[in-house]
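Undergrad: no sequence for this one, just the structure:
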Ligand SMILES: NC(=O)C1=CN([C@@H]2O[C@H](COP(=O)(O)OP(=O)(O)OC[C@H]3O[C@@H](n4cnc5c(N)ncnc54)[C@H](O)[C@@H]3O)[C@@H](O)[C@H]2O)C=CC1
Ligand SMILES: CC(C)CC(=O)C(=O)O
Ligand SMILES: [Mg+2]
């Protein structure tokens, strides 16, 4: 039986970058005999325009029944005035919740070839290798929300941050397990000096760490963490944090790797996992064929590693990406004089040529 991959391109650059990743998967499949099959489903603004909802039941059901999901991105200014419950972003939130994807792994490494592209000094970013473990189906993104008209016609709104002990336990546990296979250090990031949810988070993380005597756990406030990432990123091994802080810190950390266009992620729960780049639908460059496909191609490598246990094939993709960069190919987000300017198709070809 072929392994079923549900591909959800979404909006903006989503179709361009998922097409690149599928081309790479097809070639890797031929080489490694993985027997992969693909089916395509709508989500986001594209689905809203066709069906009036951002996450059709067909899409969610197909994702649930798949062996793995490859996701592009959703959203765009075009849907800014849509009812908040029907916004394109509800599609990815709904998929995460619907599939129970409580852990989002966002690895950030600074490749030697790309040190020059970070706006930070080479001596600061060289050797960066951080795994951000972000809680993905709790916290403020999923708490009660209210957008209310008051009697004076002004709007009052709130979003409730909400975490339970089991939700924190399972994500910290996963971070500890990841650290066991890395350098053995976990930084738990919170805002425990102000937030009750963060105090619960900190206490729970401390308790879970007792099971892992080989791991060094430190606690850090999120504001300090944002700064430490910019001044001494090599001090971090695994960062574990809540949904909102993880979202923000991972976009910041992307700068260490050279460009957000390079950054992959794996979203993991009990059953089907989902793989997507960390960036959004980039409406400013959509349809121009210039998006960097490498974040999605590297997400496809994570898909092979985590969902299909195909380590050799995953490493093959990662090496092909490194070689394309070492050979001087650069999409616009990474380009400077002296390199080979590549659009999405050129960069995809450069990777394919190395497989
Ligand atoms: N998982 C998802 O589907 C996500 C969706 N979004 C949505 O995406 C839309 C745009 O959000 P933004 O804040 O603009 O964030 P964004 O990540 O889409 O773009 C931020 C900047 O990075 C650039 N960029 C992003 N990906 C790139 C790539 N692969 N190659 C080259 N440059 C790239 C964009 O051109 C832009 O200048 C919004 O509707 C937002 O809600 C944002 C983040 C995640
Ligand atoms: C669009 C949001 C729902 C999510 C986001 O920004 C992210 O997961 O990085
Ligand atoms: Mg984000």
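TA: Okay, I see it. Just so we're clear, the structure is a prediction, and the values are computed from it rather than from any experiment. Numbers count the residues shown, from 1 in each chain. Ligands and ions are numbered 1, 2, ... in the order given.
Undergrad: Please make it C-alpha for all contacts and neighbour counts, starting now.
TA: Noted.
Undergrad: any idea which element the residue in the stretch 101-250 of the chain that ligand 1 sits nearest to lies in?
TA: Distance from ligand 1 to each residue of the stretch 101-250 of the chain (Cα to the nearest ligand atom) is smallest for residue 247, at 8.6 Å. Using DSSP states H and E, residue 247 sits in helix 243-257.
Undergrad: would you list every one of the helices in the protein?
TA: 14-32, 45-51, 57-65, 89-98, 122-125, 165-180, 196-209, 222-231, 243-257, 294-308, 311-326, 344-353 (DSSP state H).
Undergrad: what's in contact with the longest one?
TA: By Cα atoms under 8 Å, 6 or more residues apart in numbering, the surrounding residues in contact with helix 14-32 are 7-9, 34-36, 70-74, 281, 287, 289, 291-293, 296-297, 300, 313, 316-317, 344-345, 348, 351-352, 355.
Undergrad: at 7 Å what do you get?
TA: 9, 35-36, 72-73, 281, 289, 293, 296-297, 300, 313, 348, 352, 355 (Cα atoms under 7 Å, 6 or more residues apart in numbering).
Undergrad: what's the answer for the shortest one, then?
TA: Residues external to helix 122-125 that are found in contact with it (Cα under 7 Å, 6+ apart): 110, 115-116, 231-233, 256.
Undergrad: Could you do stretch 82-102 as well?
TA: By Cα under 7 Å, 6+ apart, stretch 82-102 touches 43-45, 53-55, 60, 64, 74-75, 79, 135-137, 267-270, 272-273.
Undergrad: First-to-last residue distance for it?
TA: Start to finish, the residues bounding stretch 82-102 are 27 Å apart (Cα to Cα, to the nearest Å).
Undergrad: Can you give me the end-to-end span of stretch 188-204?
TA: 10 Å.
Undergrad: now it, how far from the centre of its chain.
TA: 23 Å (Cα atoms, centre = their mean, to the nearest Å).
Undergrad: related to what we said a few turns ago, quick check, nearest of the contacts of helix 122-125 to residue 175?
TA: Relative to residue 175, the closest of the contacts of helix 122-125 is residue 233; by Cα to Cα it sits at 17.9 Å.
Undergrad: Tell me who's in contact with that closest one.
TA: Going by Cα under 7 Å, 6+ apart, the list of residues near residue 233 reads 125, 128.
Undergrad: Report the separation between it and ligand 2.
TA: 20 Å (Cα to the nearest ligand atom, to the nearest Å).
Undergrad: Show me what from this structure comes close to ligand 2.
TA: Contact residues, the chain versus ligand 2 (Cα under 6 Å from any ligand atom): 89, 93, 247, 278.
Undergrad: For the stretch 1-150 of the chain, give me the ranges with low pLDDT.
TA: 148-150 (pLDDT under 70).
Undergrad: So which of the residues of the chain next to ligand 2 is surrounded by the most neighbours?
TA: Tallying neighbours with other Cα atoms under 10 Å puts residue 278 at the head of the residues of the chain next to ligand 2, with 24 neighbours.
Undergrad: Verify the contact between it and residue 267 for me.
TA: No - counting by Cα atoms under 7 Å, residue 278 sits too far from residue 267 to count as a contact (10.6 Å).
Undergrad: which of the contacts of stretch 82-102 are buried?
TA: 43-45, 53-55, 60, 64, 74-75, 79, 135-137, 267-269, 272-273 (16 or more other Cα atoms under 10 Å).
Undergrad: Excluding residues flanking it in the chain, which one is nearest residue 38?
TA: Excluding its sequence neighbours, the residue lying closest to residue 38 (Cα to Cα, 6 or more residues apart in numbering) is residue 5, at 4.9 Å.
Undergrad: ok, the one you found to residue 43 distance?
TA: With Cα to Cα as the criterion, residue 5 and residue 43 are 15 Å apart.
Undergrad: got it, and residue 256?
TA: Applying Cα to Cα to residue 256 and residue 43 gives a distance of 31 Å.
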